[in-house]
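S.K.: any chance you can model this:
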Amino acid sequence: MEYPNLNSQSAALYRRAQQVLPDGNSRTTIALKPYPIYLDEASGAEVIDVDGNRYIDFNNNYTSLLHGHCFEPVRKAVDAQITKATACSFTTEAEIELAELLCDRVESFKKIRFCNSGSEAVMNMLKAARAFTGKPKVAKIEGLYHGSYDFAEVSLKNRPEDREGLVPRSTPYSFGTPNSVLREVIPLPFNESDATETIVQQHADSLACIMIDLMPQTLSMSSPSKEYLATLARLSKQYQILLAFDEVISFRLGFSGGQGMFGLKPDITSLGKIIGGGFPVGAIAGRADIMSVFEPGDGGTARLPHGGTFNGNPITMAAGKAAMSAMDTRKFDQLNAMGDKLRQQVTSTLNDLNIFGQVIGKGSLFAVRFHNRPMDNFTDIVVKEDERVFMEKLRNYLIGNGIWIGGNMAGCLSTATTQDHIDLFCESLSDGIRA
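M.R.: Have a look, this model is predicted:
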């Protein structure tokens, strides 16, 4: 195929979309220049666009599809449910079943509450922490993405120079972010335990929670060090601050999510993506006493009122149960082993080409970077402008050769990914680097 091709159906649809949609879409992350690719159909690990071009999908809707596209057990579960009811102002057994499945798998999940996206899950996790502790501020790691919520976006676009000594600045991501929000969010330096401890100590009396993503995509899938996680856990306990995990992405690392892989037990967790089986979903899970903020008290009003027209809708609940039920410990081990194979082969490909580069990640998650800097601190992890330009060109080459991957050269595998797919990825990667 040829990309870009301004005579393609995708290009024509984009011109049409621009007449009624800002930038022709409703989702910043799928924007692609000079035009995005328009989907026709998908199955397993393969996607077909409106021009008939085929792609092997290494993005899986930004990590949300554990089994690839149109996984038969999910399709059957949705077909069965959709003939009974879609959305209604009733609770359903399907909601209980998915809640039971997730709580049975994760030690820290005593109770769980559903919403409709990872952004909503993070938002309500932070609100729950404030409602439970009575403290107004939240701490997060600079540069980490936690969805579309003012408090979660602070410091997202920080650069290494956005610091005062070792202290990251609270910077806005979106225009119009109130200064009051910036004052209530305390950024912490990634993997810098001593500086983090100093900052937390200064704000301990007003911090409701410390939030971290175990596999931050905006930091090239570089997981925090064991020492750093231990520091956060110790500080949380010492100062009665809730330890909050954003596992919207990292939950695909294993049967008990990232916290199971890392051997950690947070107070509260936000979820999304894979637990919905390909349908809109989010969830907040944690200790029973913390989750009680959602329950009506003696006065009949919860400390954190929480509604949502499609919360716990039976379509998503049925799809989520089908997708998650198909993943036992052995299946996660198999999927993660495929991730190991991909990282090994990409490493060999880069070595064979004798270029500076590395592949980062764990489990079924990976990111390819074109430098040999250590990936253990914010300054070294942040992608430089020349690296960004190169990755953008490389991604366009891969798209033109039937490989679909995210714009930051980060991706993931699904249970539909095969060894042949990995071989094709590495071949195309090699050709694209040399092109």
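S.K.: can you pull out the strands in the stretch 151-300 of the chain?
M.R.: Remark: strands assigned in the stretch 151-300 of the chain by DSSP state E, counting those that start in this stretch are 163-164, 167-168, 185-188, 207-213, 242-246, 268-272, 282-286.
S.K.: can you add distance to residue 361 and give the ones you listed back as JSON lines?
M.R.: The way it works is simple: take the backbone N, C-alpha and C, and place the C-beta from them, glycine included. Output for these, formatted as JSON lines (distance: least, Cβ to Cβ, whole Å):
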{"stretch": "strand 163-164", "distance to residue 361": "27"}
{"stretch": "strand 167-168", "distance to residue 361": "24"}
{"stretch": "strand 185-188", "distance to residue 361": "22"}
{"stretch": "strand 207-213", "distance to residue 361": "13"}
{"stretch": "strand 242-246", "distance to residue 361": "17"}
{"stretch": "strand 268-272", "distance to residue 361": "19"}
{"stretch": "strand 282-286", "distance to residue 361": "23"}
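S.K.: and these: which comes nearest residue 340?
M.R.: When these are ranked by distance to residue 340, counting by Cβ to Cβ, first place goes to strand 207-213 at 21.5 Å.
S.K.: which residues are contacting the closest one?
M.R.: Contact with strand 207-213 is made by 122, 125-126, 129-130, 132-141, 144-146, 152, 186, 188, 200, 224, 229, 232, 235-236, 239, 241-250, 267-268, as judged by Cβ atoms under 8 Å, 6 or more residues apart in numbering.
S.K.: hang on, the earlier thing: quick one, which of the strands of the stretch 151-300 of the chain is nearest to residue 61?
M.R.: strand 268-272 (11.3 Å).
S.K.: okay, now the sheet partners of that closest one, with direction.
M.R.: Here strand 268-272 has these sheet partners by DSSP bridges: strand 242-246 (parallel), strand 282-286 (antiparallel).
S.K.: so who does the nearest residue to residue 372 once chain neighbours are set aside touch?
M.R.: With Cβ to Cβ, 6 or more residues apart in numbering as the criterion, residue 372 has its nearest non-adjacent residue at 4.9 Å, and that residue is residue 356. Contacts for residue 356 (Cβ under 8 Å, 6+ apart) come out as 370, 371, 372.
S.K.: narrow those to those in strands?
M.R.: Per DSSP state E, strands hold no members of the contacts of residue 356.
S.K.: of those, buried ones?
M.R.: Buried subset of the contacts of residue 356 (neighbour count, 16 or more other Cβ atoms under 10 Å): 370, 371.
S.K.: for residue 206, give me its contacts.
M.R.: So residue 206 contacts 135, 136, 137 (Cβ under 8 Å, 6+ apart).
S.K.: typo on my end, residue 43
M.R.: Residue 43 makes contact with 68, 69, 70, according to Cβ under 8 Å, 6+ apart.
S.K.: so it: helix, strand or coil?
M.R.: strand (DSSP: H, G, I helix; E, B strand; the rest coil).
S.K.: report the central residue of the protein.
M.R.: residue 249 (3.3 Å; Cα atoms, centre = their mean).
S.K.: so who does that residue touch?
M.R.: Taking Cβ under 8 Å, 6+ apart, one finds 63, 213, 215, 217, 273, 365 in contact with residue 249.
S.K.: tell me which stretches of the stretch 301-435 of the chain form strands.
M.R.: Using DSSP E, counting those that start in this stretch, strands in the stretch 301-435 of the chain cover 358-360, 365-369, 403-404, 410-412.
S.K.: pipe those into JSON lines and attach mean pLDDT and distance to residue 15 per row.
M.R.: Output for the strands of the stretch 301-435 of the chain, formatted as JSON lines (pLDDT from 0 to 100; distance: least, Cβ to Cβ, whole Å):
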{"stretch": "strand 358-360", "mean pLDDT": "98", "distance to residue 15": "37"}
{"stretch": "strand 365-369", "mean pLDDT": "98", "distance to residue 15": "32"}
{"stretch": "strand 403-404", "mean pLDDT": "98", "distance to residue 15": "22"}
{"stretch": "strand 410-412", "mean pLDDT": "98", "distance to residue 15": "29"}
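S.K.: name the stretch among those strands that sits most buried.
M.R.: strand 410-412 (a mean of 28; mean count of other Cβ atoms under 10 Å).
S.K.: show me what that strand is packed up against.
M.R.: Strand 410-412 sits against helix 60-63, strand 365-369, with contacts defined as 3 or more Cβ pairs under 8 Å, 6 or more residues apart in numbering; DSSP states H and E.
S.K.: give me the sheet partners of the last one and which way each runs.
M.R.: This points to strand 365-369. According to DSSP bridges, strand 365-369 has the following sheet partners: strand 358-360 (antiparallel), strand 410-412 (antiparallel).
S.K.: tell me which of those strands lies nearest to residue 180.
M.R.: Closest of the strands paired with strand 365-369 to residue 180 is strand 410-412, at 33.0 Å (criterion: Cβ to Cβ).
S.K.: give me the contacts around that closest one.
M.R.: Identification of contacts with strand 410-412 by Cβ under 8 Å, 6+ apart yields 58-60, 63, 217, 220-221, 252, 339, 361, 364-368, 405.
S.K.: circling back: I'd like the strands of the stretch 151-300 of the chain as CSV, with distance to residue 91 and mean neighbour count appended.
M.R.: Output for these, formatted as CSV (distance: least, Cβ to Cβ, whole Å; neighbours: other Cβ atoms under 10 Å):
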stretch, distance to residue 91, mean neighbour count
strand 163-164, 48, 12
strand 167-168, 43, 21
strand 185-188, 34, 24
strand 207-213, 28, 25
strand 242-246, 27, 28
strand 268-272, 19, 28
strand 282-286, 15, 29
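S.K.: list just the one of the helices and strands packed on strand 410-412 that sits closest to residue 37.
M.R.: helix 60-63 (13.4 Å).
S.K.: output that closest one as PDB, restricted to C-alpha atoms.
M.R.: Taking C-alpha atoms only, helix 60-63 is exported to PDB below (Å, rounded to 0.1, in the frame of the first residue of the first chain):
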ATOM      1  CA  ASN A  60      -5.000  -3.100  20.000                       C
ATOM      2  CA  ASN A  61      -7.000   0.000  20.600                       C
ATOM      3  CA  TYR A  62      -4.200   1.400  22.800                       C
ATOM      4  CA  THR A  63      -3.900  -1.800  24.800                       C
END
